[in-house]
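A.B. asks: structure of the sequence below:
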Amino acid sequence: MFHVMRNSPFYGTSDLIDRFMTSLRTLFPLGVLNRVSAPAYDDGSIDAYVEWQVAETVVRLELDVKLGVLRPDGVRDAFVTPGSVPVVISPFLAPATQEALARAGWSYWDPTGNILIVSSHPPLAVQRTGATRDPDRAATDPRPLKSLKGETTSEVMVGLLANRGATSLRDFARDRRLPVSSVSRVISLLRYENLLTPTGGGPIVLRDRRLCAERWTEDYGFASTFSPRRYFSLGGRESVIDRLRRSDVDYAVTGVSAGQAWFAEKGSPGRLAPSEIWIYTNDLEAVERAADLAPDQRQGDVLVAHSEFLNREHSFSWDGVSYVTPWRIVGDLLSTRGRSAALGADLLDDLVTGDSDAQR
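C.D. replies: Residues are numbered from 1 along each chain as shown. Model (predicted):
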């Protein structure tokens, strides 16, 4: 691993340089000497430079990493030093930008396969054509998705937050059993708001899970997104969860009760007493019967939301009760106010800083 002298606050510079070096090593057939040195630095006017040897020719490539979108009108003239080739590398370079770079004296590369390396002294020329449209920015302005409020969007966000590694859009959609189009729209909005790490058409990587969760809950909410029905429990609110525990209906508890259960399972109970019971189910009538509930839209303290994600999202069980995945609990609590939101913030801290067992 090497120290990045510029752009260091942004993850992705070293990754792009590594991928550029790997790409160089594949440009000539086996049997042709093709060697790339480890990156090095000089006075900080460039991001890095590498020595590239092809057969008997050795050139010094001076790398200028552009993590953001480089537009044609943003291209400046290259400063060419004798024996060196100035190279812009970026997650994606549009055809018009490539033309502007070439006119200004730059060589260039992006991970989609666009490459131009031209050296006069010593003579060397390589050119390949890759993607003409940015795979990472399918739609950025205007945005097809205006907020992160929707039910399907919540599934995408829960899945992204729970996924600690990197994944492709299609693999993620397949694993979560979600429409590719729905996942793509959410990814486009997150990318537009700079919440994803640029990967040049590679995997989906969140910059910061905490920021993503907080941004999601600016739009999302249990009540505003799922419009739950309110009920009064004929046997008392305390009996609701016990009745569900003994039933065979599909349900999952969320909200304060779920946050309490998460910490109780970890040996830290008693943070906040719930004033309401929040439940997801795919069968409202079955939950009504099992928990002995009567509709009460004005003062009911048992909220039951119809949802279709129960068979797609992992849940956890504590003391025989089913609870939604912890990242959904975070979303449901952070979108509230007061002490319940504080409980959500505590759970968010636990998931972000905790070990892998907390990522369900």
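A.B. asks: so where is the chain shaky, pLDDT-wise?
C.D. replies: Judged by pLDDT under 70, the chain has its weakly predicted residues at 1-12, 41-45, 136-144, 200-201, 269-271, 355-360.
A.B. asks: quick one, helices of it?
C.D. replies: Ranges of helices in the chain, per DSSP state H, are 13-24, 95-103, 151-162, 169-176, 180-192, 209-219, 222-226, 237-245, 255-265, 284-291, 326-334, 338-353.
A.B. asks: and the fifth one, what does it pack against?
C.D. replies: Which is helix 180-192. If you count contacts as 3 or more C-beta pairs under 8 Å, 6 or more residues apart in numbering; DSSP states H and E, helix 180-192 packs onto helix 151-162, helix 169-176. In this view, the C-beta of every residue, glycine as well, is placed from N, C-alpha and C.
A.B. asks: please work out which of the helices of the chain is packed deepest.
C.D. replies: Across the helices of the chain, averaging neighbours per residue (mean count of other C-beta atoms under 10 Å) puts helix 326-334 on top, at a mean of 27.
A.B. asks: for it, C-alpha coordinates in CSV please.
C.D. replies: What follows is helix 326-334, C-alpha atoms only, in CSV (Å, rounded to 0.1, in the frame of the first residue of the first chain):
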residue,chain,number,x,y,z
PRO,A,326,-31.3,-4.6,12.9
TRP,A,327,-30.7,-2.2,10.0
ARG,A,328,-34.4,-1.9,9.5
ILE,A,329,-34.8,-1.3,13.2
VAL,A,330,-32.3,1.5,12.8
GLY,A,331,-34.3,3.1,10.0
ASP,A,332,-37.6,2.8,11.9
LEU,A,333,-36.1,4.4,15.0
LEU,A,334,-33.8,7.0,13.5
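A.B. asks: tell me which of the helices and strands packed on helix 180-192 sits nearest to residue 286.
C.D. replies: helix 151-162 (19.8 Å; C-beta to C-beta).
A.B. asks: tell me which residues are up against the closest one.
C.D. replies: 145, 147-148, 172, 175-176, 178-179, 182-183, 186-187, 190, 204, 206, 209, 212-213, 216, 220, 225-226, 307-309, 312-314, 325, 327-328, 330-331, 351, 359-360 (C-beta atoms under 8 Å, 6 or more residues apart in numbering).
A.B. asks: related to what we said a few turns ago, mind checking which of the helices and strands packed on helix 180-192 is nearest residue 236?
C.D. replies: Per C-beta to C-beta, nearest to residue 236 of the helices and strands packed on helix 180-192: helix 151-162, 30.5 Å.
A.B. asks: with distance to residue 48 as extra columns, can I get the helices of the chain in JSON lines?
C.D. replies: Formatted as JSON lines, those follow (distance: least, C-beta to C-beta, whole Å):
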{"stretch": "helix 13-24", "distance to residue 48": "6"}
{"stretch": "helix 95-103", "distance to residue 48": "18"}
{"stretch": "helix 151-162", "distance to residue 48": "31"}
{"stretch": "helix 169-176", "distance to residue 48": "30"}
{"stretch": "helix 180-192", "distance to residue 48": "26"}
{"stretch": "helix 209-219", "distance to residue 48": "28"}
{"stretch": "helix 222-226", "distance to residue 48": "46"}
{"stretch": "helix 237-245", "distance to residue 48": "58"}
{"stretch": "helix 255-265", "distance to residue 48": "45"}
{"stretch": "helix 284-291", "distance to residue 48": "59"}
{"stretch": "helix 326-334", "distance to residue 48": "37"}
{"stretch": "helix 338-353", "distance to residue 48": "31"}
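A.B. asks: would CSV of the helices and strands packed on helix 180-192 with distance to residue 335 be doable?
C.D. replies: Shown next, in CSV, are the helices and strands packed on helix 180-192 (distance: least, C-beta to C-beta, whole Å):
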stretch, distance to residue 335
helix 151-162, 10
helix 169-176, 21
